[in-house]
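Undergrad: here is the input, now give the coordinates:
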Amino acid sequence: MPRAAQHRRTAGRILAALLFCALTLAPAAPSALAAPAPSSALPSTSPAASSALAAPAGTPAQARPAQSAPSLTAAPAGLEAPSPSSVPASSTSPAPSSVLPSALAAAPSALAAPSSLSPHGSEAPLAAAPEKASRPKVFGTVSFRMSLEKQKNWLSVLERNRKSPIFQESRQLSRSATWGQLRASMQGRPRLEILREVSRFWNAWPYRSDLELWKKSDYWAIPEEFLRRSGDCEDYCIVKYFTLRELGIPADDMRLVVVTETIRGTPHAVLLVFDGQEAFILDNLTDAVRPMHRVRNYRPHFSLNENGRWMHVKAKPAKASREKENAKKPAR
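TA: Reported below is the predicted structural model:
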């Protein structure tokens with residue numbers, strides 16, 4: 001074959017191949033570029049979100065387009081419903097799973113209210129409550145603070161006493177003294193003297209049991225009832241407590257203490273009053289106001305005032321005492 005004819009044939013083949021490529025590929029390219037993508041293929045971002053994302057970081061909040069947020073009808077208890085301004089504009093679609101766990105992680109602590117009940121339904125201590133460093137332990141025990149909610153008789157006393165007070169200036173408390181006269185006689189006196197006078201004053205009332213007075217095994221009387229009818233051991237404590245409160249002694253300086261008298265094994269109640277680093281016991285069984293450390297025949301169960309209630313347990317022996325006891329034990 002002549003060389004010229006061979007060149008023409010080769011050129012023809014090249015042109016045919018180019019023409020084939022032009023006819024098969026050229027129509028597909030424009031359609032791929034010009035056809036709009038299906039809505040499902042695009043991110044579900046609202047126009048407001050797009051503009052918000054496109055806004056520069058320094059753009060003031062009020063200059064940005066308003067964001068559309070889903071309507072929140074309710075939030076779980078303990079969690080606040082987010083305001084529309086705090087919800088991202090793209091939240092019209094479901095939140096990513098990576099965001100939900102972090103948002104709900106705080107829910108258990110927010111929803112679970114602290115309970116003062118043990119799993120068995122009995123009341124559990126809220127916290128160990130050591131006495132102030134300058135105060136002695138109540139009869140040498142360890143104190144655990146409890147909720148006042150369980151002490152219904154004491155809460156009733158507080159409420160009834162507010163409705164029927166006796167500490168009014170002209171109110172006659174005894175044949176020889178009004179409240180105004182008794183209060184005036186205490187002005188400027190040391191706390192220990194006030195304790196002695198108040199205890200002696202109310203101990204003059206005769207002891208009368210709850211069964212005798214109220215036909216009940218246990219009833220806590222308010223001062224107004226005690227003034228008219230007298231009462232038993234806790235009623236003496238209650239009237240002394242409120243008298244001392246009216247004379248300016250803070251509630252946190254006093255405790256009504258329910259105890260067991262260990263010699264006879266009988267239940268009893270006394271009023272404990274802190275005075276600096278000392279504590280004193282006011283008792284209807286004696287007019288003497290004794291330092292607590294000298295009273296050794298009472299085992300406390302619980303104590304209370306207007307601000308709280310405490311359970312008392314016997315303190316563990318000190319390490320030196322345990323070692324001394326172990327030394328006495330015969331070797332095995």
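
Undergrad: which residues touch Gln168?
TA: For Gln168, the contacting residues are Trp179, by Cβ atoms under 8 Å, 6 or more residues apart in numbering. All C-beta spots, glycine's among them, are computed from the backbone N, C-alpha and C.

Undergrad: pLDDT score assigned to it?
TA: Among the per-residue scores, Gln168 holds a pLDDT of 96.

Undergrad: what of Lys150?
TA: You'll see Lys150 listed with a pLDDT of 89.

Undergrad: can you show me the strands along this structure?
TA: Under the criterion DSSP state E, the chain contains strands at 127-128, 141-146, 254-261, 266-275, 278-283, 286-291, 298-305, 308-314.

Undergrad: would you reformat those strands as JSON lines and include distance to Ile238, mean neighbour count and mean pLDDT?
TA: Shown next, in JSON lines, are those (distance: least, Cβ to Cβ, whole Å; neighbours: other Cβ atoms under 10 Å; pLDDT from 0 to 100):
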{"stretch": "strand 127-128", "distance to Ile238": "27", "mean neighbour count": "8", "mean pLDDT": "49"}
{"stretch": "strand 141-146", "distance to Ile238": "19", "mean neighbour count": "19", "mean pLDDT": "94"}
{"stretch": "strand 254-261", "distance to Ile238": "7", "mean neighbour count": "21", "mean pLDDT": "98"}
{"stretch": "strand 266-275", "distance to Ile238": "9", "mean neighbour count": "20", "mean pLDDT": "97"}
{"stretch": "strand 278-283", "distance to Ile238": "11", "mean neighbour count": "22", "mean pLDDT": "97"}
{"stretch": "strand 286-291", "distance to Ile238": "17", "mean neighbour count": "14", "mean pLDDT": "97"}
{"stretch": "strand 298-305", "distance to Ile238": "11", "mean neighbour count": "20", "mean pLDDT": "97"}
{"stretch": "strand 308-314", "distance to Ile238": "15", "mean neighbour count": "17", "mean pLDDT": "95"}
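
Undergrad: which among those is found nearest to Leu158?
TA: strand 298-305 (10.1 Å; Cβ to Cβ).

Undergrad: residues contacting Asp283?
TA: Per Cβ under 8 Å, 6+ apart, neighbours of Asp283: Ser199, Val270, Leu271, Arg290.

Undergrad: and these, which two are the farthest apart?
TA: Farthest pair in the contacts of Asp283 (Cβ to Cβ) is Leu271 and Arg290. Separation: 11.8 Å.

Undergrad: overlap in contacts, these two.
TA: With Cβ under 8 Å, 6+ apart as the test, Leu271 and Arg290 both reach Ile281, Asp283.

Undergrad: Thr266 against Thr260, yeah?
TA: Yes - in this structure, Thr266 is within contact of Thr260 by Cβ atoms under 8 Å, at 7.1 Å.

Undergrad: so can I have a markdown table of the strands of the chain showing distance to Ala204?
TA: Formatted as a markdown table, the strands of the chain follow (distance: least, Cβ to Cβ, whole Å):
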| stretch | distance to Ala204 |
| --- | --- |
| strand 127-128 | 40 |
| strand 141-146 | 32 |
| strand 254-261 | 20 |
| strand 266-275 | 16 |
| strand 278-283 | 14 |
| strand 286-291 | 9 |
| strand 298-305 | 23 |
| strand 308-314 | 30 |
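
Undergrad: how close does Phe302 sit to Leu282?
TA: Between Phe302 and Leu282 the computed distance is 17 Å (Cβ to Cβ, to the nearest Å).

Undergrad: apologies, that question was intended for Ala16.
TA: 122 Å.

Undergrad: now swap in Val313 and tell me
TA: 24 Å.

Undergrad: which stretches of this structure have low pLDDT?
TA: Judged by pLDDT under 70, the chain has its weakly predicted residues at 1-7, 15, 17-133, 318-332.

Undergrad: is it true that Phe274 touches Arg135?
TA: Yes - in this structure, Phe274 is within contact of Arg135 by Cβ under 8 Å, at 5.4 Å.
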